[in-house]
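S.K.: I need the structure of the sequence given here:
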Amino acid sequence: MADDGFDFHTPDRREAKRFEPPPWEREAFEDLERKRVEQQEAEQAAAPQAPPAEPEAAPEAQQSEAEKPEAAAQGLGPEEGGATSEPQLDEGKVAEMLAGLSAEEPREYRSLWRIAIASAIVLGAIGAVLIIWAMAAIVGARETGAVGLTGGFVLLFFGAGFVAGAWWLTVRTLRQRGVL
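M.R.: Next up is the predicted model:
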């Protein structure tokens, strides 16, 4: 079969959409843009008025200016040789913000850990009883034969499943609470 009628050309690439902030954040973006424009105007106004300090320092300044993009590309901060305009995060401020966020979390699910632990206790008890019955069935297999032995192993399997489920529920709940 010939491929004469098929044209496998790739479509032209579309231009990327211009970013538009969501309506509820539009004011914040406009404020940020106004501050950025004001800062640029202030820098432009201050730049021509500043006389050069020393003519000998100009080559060094040019060299340090050339090194700044390299240091910024390597991810170095101002104290490591790079110049970045990003503000440094204050540990106290971050902790305060995280505390504020935790206060906003819904508290309705915080008491469910007690229910999870109680469920794990019930599951563990059921599993223990099934394991005890399984041992009794396996020991009594002399009288009941293969049916008693098979039933004992089935009970042992389900009992172990209940105990494992109780263990998993307990560990998961305690990890969510931050205990483990």
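
S.K.: Ranking helices and strands of the chain by mean pLDDT, which lands last?
M.R.: Of all helical and strand segments in the chain, the minimum by mean pLDDT, DSSP states H and E falls on helix 57-73, at a mean of 51.

S.K.: tell me the average confidence for the helix or strand following that helix?
M.R.: Once helix 57-73 ends, the next helix or strand along the chain (criterion: DSSP states H and E) is helix 91-104. Average pLDDT, helix 91-104: 84.

S.K.: Next secondary structure element downstream of helix 91-104?
M.R.: helix 112-139.

S.K.: Now find how far off-centre that following helix is within its chain.
M.R.: Here the centre of helix 112-139 is set off from its chain's centre by 35 Å, with C-alpha atoms, centre = their mean, to the nearest Å.

S.K.: That helix packs against which elements?
M.R.: helix 146-177 (3 or more C-beta pairs under 8 Å, 6 or more residues apart in numbering; DSSP states H and E). C-beta coordinates here come from the backbone N, C-alpha and C atoms, glycine included.

S.K.: helices or strands next to the helix it packs on in the packing?
M.R.: Packed next to helix 146-177, using 3+ C-beta pairs under 8 Å, 6+ apart, are helix 112-139, helix 141-144.
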